[in-house]
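>>> quick one, fold the following:
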Amino acid sequence: MGDRCGWVGDDPIYEAYHDTEWGVPEWDSRALWEKLILDGFQAGLSWITILKKRDNFRAAFQGFDPNVIAGWGEAEVQRCLADPGIIRHRGKIEATIGNARVWKEIEAEQGFDRYLWGHVGGRPIQNRFESLSEVPTETEISRAISKDLKKRGFKFCGPTIVYAFMEAVGMVNDHIVTCPCHEPVRKLG
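Here you go, the predicted structure:
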């Protein structure tokens with residue numbers, strides 16, 4: 001594929017993620033929660049580290065079913081801390097359990113998907129950046145989502161994490177205009 005977004009590099013895992021997932025609008029509540037949790041685990045690390053461990057995360061966290069994880073306790077935290085296939089960070093593991101409980105509240109109240117997409121009017125924001133240097137690390141919208149999630153008790157959801165999440169799940173199209181994925185992703189919006 002031609003001139004992909006500059007962050008991709010030449011790792012086949014990154015290329016596949018960029019070409020088939022990143023920026024594609026995600027509408028499923030559970031899948032949105034999984035991606036937000038993985039973005040939280042990425043804090044302080046590179047995204048490729050998370051991508052390479054994603055299947056291990058899915059196994060350790062029982063398919064990222066927040067209804068199951070919300071009921072977890074110390075035994076499950078210990079099991080995850082002993083799993084070399086994931087990022088073994090107590091704070092992030094415990095946050096995942098608490099975040100599952102917050103997800104359940106938002107899901108029952110209005111749907112986690114509707115809650116998130118409501119911040120962008122239900123449609124992806126179509127940016128037209130010509131270079132990576134133009135792409136922000138956070139925006140007014142990511143700050144608002146972060147603030148509201150934190151108020152509800154969600155953790156590892158700062159405005160930079162939330163913006164990276166918004167890019168990943170297609171709430172914003174930040175493929176640069178010369179990237180072969182920009183136009184196909186725009187049409188999905």
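>>> and the helix or strand harbouring L36, what's buried?
Here L36 sits within helix 29-42, counting by DSSP states H and E. Neighbour counts over helix 29-42 (16 or more other C-beta atoms under 10 Å) mark 29-30, 32-42 as buried. Any C-beta I mention is one placed from the backbone N, CA and C, and that applies to glycine too.
>>> same check on stretch 140-147?
Residues of stretch 140-147 classed as buried: 141-142, 145-146 (neighbour count, 16+ other C-beta under 10 Å).
>>> what segments of this protein are strands?
Taking DSSP state E as the test, the strands found in the chain are 125-126, 172-173.
>>> and the helices in this protein?
12-20, 29-42, 47-60, 66-69, 74-81, 90-109, 112-118, 140-152, 159-168, 182-188 (DSSP state H).
>>> what's the closest of these to E130?
helix 182-188 (10.4 Å; C-beta to C-beta).
>>> what is that closest one packed up against?
Judged by 3 or more C-beta pairs under 8 Å, 6 or more residues apart in numbering; DSSP states H and E, helix 182-188 is in contact with strand 172-173.
>>> and if we set it to 6 Å?
Other helices and strands packing on helix 182-188, by 3 or more C-beta pairs under 6 Å, 6 or more residues apart in numbering; DSSP states H and E, are absent; none qualifies.
>>> now it: mean pLDDT?
What helix 182-188 shows for mean pLDDT is 96.
>>> could you count how many residues lie near the closest residue to D39 other than its chain neighbours?
If you skip the residues right next to it in sequence, D39 has F165 as its closest partner in space, 4.5 Å away by C-beta to C-beta, 6 or more residues apart in numbering. Per other C-beta atoms under 10 Å, the neighbour tally for F165 reads 25.
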